[in-house]
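K.L.:
My questions are about this predicted structure, shown below with the sequence.
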Amino acid sequence: MAAYPPGRQLELRLHANPSRPYGAFDYPWPDDEHDLRLGPRGVSIDLTSDEREAEAVIEVVRPLVVKSGAQILLCKVIQAPSDSDQFAAWPGAITESDQSNGDPSYLVAKVFDYKLYSKSRDVLSPPFSNATLADIDLSCESAAYRGLFKPVGKLGDTAPTSKLTGHPNLAPEYYGTWLIDVQKRNHDSFDPQRFVGTVPMEYIEGETIEDICTRDPDSGDLVLPPGEVRLHDGPEGVLDLGMHRRMLTIKHLLHGLMVQLHHAIYCTALLPRNVMITRRNNGKAIPIPRPVLIDYTWYEVYDYTRMAATGHAHFHRKLDLPGHPAEVYGPEELPDFAGWVPSRWIHEAYVRPWPPGGFLFDKWMLKAFGPKEEGPKYSIFETVRSRQREEQENREQEQERETEREREREAEQ
């Protein structure tokens with residue numbers, strides 16, 4: 001779509017008050033009214049002043065995803081914003097020397113422009129306007145990145161927690177939630193001033209598992225390419241697709257998901273099209289391929305849900321360590337990865353009777369992550385359940401003692 005063509009510069013202003021997520025999962029609907037045609041929820045009225053200068057400027061290099069919905073753009077940094085504790089430091093702005101040696105600083109901008117949304121994207125979706133759909137997506141994506149950039153620790157832990165964005169984490173680095181003044185450079189437009197939400201993030205040099213493979217037309221399983229796979233230029237760009245390396249990617253993926261879940265941030269749709277693999281970090285080679293999850297509109301951040309509002313603590317926050325991956329993930333949770341994971345390992349979960357010795361995938365999980373026992377790297381659910389049983393027994397014993405004391409007081413009278 002021509003709305004964000006190569007060469008277009010986008011002036012950004014920090015979205016100081018991003019909306020709480022809504023319109024999906026267990027998120028409550030906001031009470032306030034807002035004209036979403038003029039900008040996302042939470043946009044302050046003072047942003048409509050032309051006197052405020054842009055805090056950052058990026059230039060579109062090329063679109064990476066062009067479809068109905070959010071636009072994903074590869075951009076180079078023209079003007080980086082000042083450092084902030086609300087987002088990671090941006091790649092440096094382009095200088096004259098960069099322009100001469102062809103080495104600009106890149107990032108990816110996910111742009112939620114309602115004019116590029118189509119209400120027909122899902123016949124089962126509620127009858128929301130395009131402006132509402134775009135704002136829902138922005139609210140969910142931004143909330144997930146904010147939660148991962150400043151994660152809340154386990155229950156009762158008040159110490160600062162390390163961010164879960166950027167290398168070597170599962171999530172790309174987060175560069176904030178911003179507003180694009182889309183009318184700023186369109187001086188001949190008769191439209192009112194309009195702001196579009198965007199989430200800039202780390203540029204991942206790689207390919208998704210879905211794009212690396214094809215699909216078997218009969219089974220739907222992933223089919224590995226016959227030849228060499230090259231993620232990017234350089235000797236480190238070649239991707240080893242042997243079984244050991246493929247399963248190492250799955251191991252790192254599941255570990256990253258459990259670390260996120262320990263902070264009550266949950267991926268609701270694990271799909272090969274959303275898992276990128278890279279062998280670079282900021283243009284430099286890394287020894288082990290890094291899996292990166294790239295779509296966070298599918299994430300639920302527990303702290304914003306109706307359940308959290310009742311004061312109910314998330315189960316995984318009660319764990320001392322991230323949960324053991326085998327407690328959550330089995331072959332049934334990875335059906336779309338059949339072919340990347342040996343197909344038999346996935347399909348045997350859907351055939352009766354089940355193998356008497358257990359699933360091959362489950363056996364691999366215990367080999368990869370160790371036995372399901374408490375520590376030193378993972379916690380198990382039984383530890384929390386045992387603790388809860390002990391607490392319940394203590395409460396019952398205390399109640400019995402209080403009842404006995406009450407009887408003694410009545411007898412004395």
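P.N.:
Done, it's in. No experiment lies behind these values; they were computed from the predicted model shown.
K.L.:
Got the confidence number for K184?
P.N.:
At K184, the model reports a pLDDT of 58.
K.L.:
And for the one 5 residues further on?
P.N.:
Model confidence at S189, expressed as pLDDT, equals 51.
K.L.:
Could I get the contacting residues of the spatially most central residue of the chain?
P.N.:
By Cα atoms, centre = their mean, the mean C-alpha position of the chain lies nearest to Y296, the distance being 3.7 Å. Y296 makes contact with C140, E141, A144, Y145, A171, according to Cβ atoms under 8 Å, 6 or more residues apart in numbering. (Glycine included, C-beta is placed from N, CA and C.)
K.L.:
again, 6 Å this time
P.N.:
Shown in contact with Y296 (Cβ atoms under 6 Å, 6 or more residues apart in numbering): E141, A144.
K.L.:
Tell me how far it lies from Y145.
P.N.:
Per Cβ to Cβ, to the nearest Å, Y296 is found 6 Å from Y145.
K.L.:
Check H316 too.
P.N.:
Taking Cβ to Cβ as the measure, H316 and Y145 are separated by 19 Å.
K.L.:
now S118
P.N.:
Taking Cβ to Cβ, one finds S118 at 25 Å from Y145.
K.L.:
quick revisit: ok, H316 and Y145, which is more surrounded?
P.N.:
Applying other Cβ atoms under 10 Å to H316 and Y145 shows that Y145 carries more neighbours, namely 29 against 24.
K.L.:
Is it correct that the more buried one is in contact with Y174?
P.N.:
Yes: using Cβ atoms under 6 Å, Y145 is in contact with Y174, at 4.3 Å.
K.L.:
need the contact list for L14.
P.N.:
By Cβ under 6 Å, 6+ apart, the contact set of L14 is E55, W178.
K.L.:
Can you report phi and psi for it?
P.N.:
phi -60, psi 130 (degrees, to the nearest 10).
K.L.:
bridging residues for it?
P.N.:
Beta-bridge pairing for L14 (DSSP bridges): W178.
K.L.:
Am I right that I58 falls within a strand?
P.N.:
Yes: remark: I58 belongs to a strand, assigned using DSSP: H, G, I helix; E, B strand; the rest coil.
K.L.:
For it, give me its contacts.
P.N.:
Counting by Cβ under 6 Å, 6+ apart, I58 makes contact with L10, C75, V77.
K.L.:
could those go into a markdown table alongside secondary structure, neighbour count and pLDDT?
P.N.:
Output for the contacts of I58, formatted as a markdown table (DSSP: H, G, I helix; E, B strand; the rest coil; neighbours: other Cβ atoms under 10 Å; pLDDT from 0 to 100):
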| residue | secondary structure | neighbour count | pLDDT |
| --- | --- | --- | --- |
| L10 | strand | 25 | 94 |
| C75 | strand | 27 | 96 |
| V77 | strand | 22 | 96 |
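K.L.:
Point out where the stretch 151-300 of the chain drops to low pLDDT.
P.N.:
Applying pLDDT under 70 to the stretch 151-300 of the chain flags the ranges 153-160, 183-192.
K.L.:
That one: helices as residue ranges?
P.N.:
Assigned by DSSP state H, counting those that start in this stretch, the stretch 151-300 of the chain shows helices spanning 209-212, 243-262.
K.L.:
which phi and psi does R317 have?
P.N.:
Dihedral angles of R317 (phi, psi; degrees, to the nearest 10) stand at phi -70, psi -20.
K.L.:
Next one: it relative to A24, how far apart?
P.N.:
Noted for R317: a distance of 21 Å to A24, by Cβ to Cβ.
K.L.:
Look at those two and report which has more neighbours.
P.N.:
Neighbours per residue (other Cβ under 10 Å) separate R317 from A24, with R317 holding more: 19 against 15.
K.L.:
Give me the domain ranges for this protein.
P.N.:
Split into domains by automatic domain parsing, the chain comes to 1-203, 212-402.
K.L.:
Would you format those as CSV with distance to A411 included?
P.N.:
Output for the domains of the chain, formatted as CSV (distance: least, Cβ to Cβ, whole Å):
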stretch, distance to A411
domain 1-203, 41
domain 212-402, 15
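K.L.:
and V384, that one's in a strand?
P.N.:
No: note on V384: no strand contains this position according to three-state DSSP, which reports helix.
K.L.:
Name the nearest residue to it, sequence neighbours excluded.
P.N.:
Of all residues not flanking V384 in the chain, K318 sits nearest, at 4.8 Å (Cβ to Cβ, 6 or more residues apart in numbering).
K.L.:
next one: P28
P.N.:
Spatial nearest neighbour of P28, excluding adjacent residues (Cβ to Cβ, 6+ apart): R306 at 5.4 Å.
K.L.:
and that neighbour, how many neighbours?
P.N.:
Number of residues near R306 (other Cβ under 10 Å) recorded here: 11.
K.L.:
Which pLDDT value goes with it?
P.N.:
R306 is assigned 94 on the pLDDT scale.
K.L.:
Spit out the residues that contact Y296 and Y145 alike.
P.N.:
Taking Cβ under 6 Å, 6+ apart as the contact criterion, no residue touches both Y296 and Y145.
K.L.:
Near the nearest residue to G375 once chain neighbours are set aside, how many other residues are there?
P.N.:
Nearest residue to G375, sequence neighbours excluded (Cβ to Cβ, 6+ apart): L321, at 6.5 Å. A count of nearby residues for L321, using other Cβ under 10 Å, gives 17.
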